[in-house]
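# after the sequence you'll find the predicted model.
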Amino acid sequence: MSRSLHLILCCFLVFAMMSFFAYGQTPSGPTQKTDAPPQAKEADVNSIEHIVAALYSGISGPAGPRDWDRVRSLFYAGARMIPSRRTSDGKVIARNLSVEEYITASKPILDKEGFFETPITNRIETWDHIAHVWSTYQSRHEKDEAPFARGINSIELMNDGTRWWIITVYWEGEEKDHPLPEKYLND
C-alpha cells in the first residue's frame, strides 16, 4: 500500500473513532430542561399576531404573579430569551437565557412592580414554516403612564403544521446615544 493511501486511511480511521466517541459524550455546558411545555390556548398560537400578543400579555400586568404556564406554552422546547445591552465602556453584550432562567430572573421584580410592555409596531416576515417579527416595544410601570423604556424585540418563530412556536426572543433597549430610528416607530 502506498504511503499516501495509508495516511489517508489512518486519518479516516481517527476521524471515525473521534466521531464515534464524541457521539456518546455529554455536553460540558449547562443543560436546559426540555420537558414539553404546558398546553397552549389555541387562540394564543394559531397566528403570528396572536402568539406575539400572548407573549406581551403574558409578561405584562400589575405587580404580582404572572401566568407563567401561559408564557411557557408559547415557547418551543430549548427556546432562548436573549437580552442585550451596552456596558459602561460601550461594549455590546448579550445574556443567553432559557425560558425558565428568564422567569426566575423576572419573577421577583414583577411580583413587586407593575410592568406593561406593548408593541408600537410589528414588522412580520415569513417563508414556509419560519417567521421573524421585528417588534418595536414600549414599557410602562402602570398601564396609563408614559413609557420608561423602548426598544426592539427580534422574535423568531416556527410553525410545526399545527401551531406557532417562539424559538427565540432577542432584544435591545433604546439608549440616549442609540435612539430608535423613526422607521421602526411607524408601520
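Structure received.

# list the contacts of residue 176.
For residue 176, no contacting residues are found, by C-beta atoms under 8 Å, 6 or more residues apart in numbering. Bear in mind the C-beta positions are built from the backbone N, C-alpha and C, glycine included.

# quick one, phi/psi of it?
phi -50, psi -50 (degrees, to the nearest 10).

# please shift the residue numbers so they start at 12 in all later answers.
That works, and once the first residue is 12, the last one we named lands at residue 187.

# and it, how close does it get to residue 126?
22 Å (C-beta to C-beta, to the nearest Å).

# pretty sure residue 73 contacts residue 125?
Yes - when contacts are counted by C-beta atoms under 8 Å, residue 73 is listed as touching residue 125 (4.6 Å).

# so for those two, which sits in the more crowded spot?
residue 125 (15 against 12; other C-beta atoms under 10 Å).

# packing partners of the one helix or strand residue 93 maps to?
Using DSSP states H and E, the secondary-structure element containing residue 93 is strand 86-97. Packing partners of strand 86-97 (3 or more C-beta pairs under 8 Å, 6 or more residues apart in numbering; DSSP states H and E): strand 103-105, strand 108-109, helix 110-123, strand 175-184.
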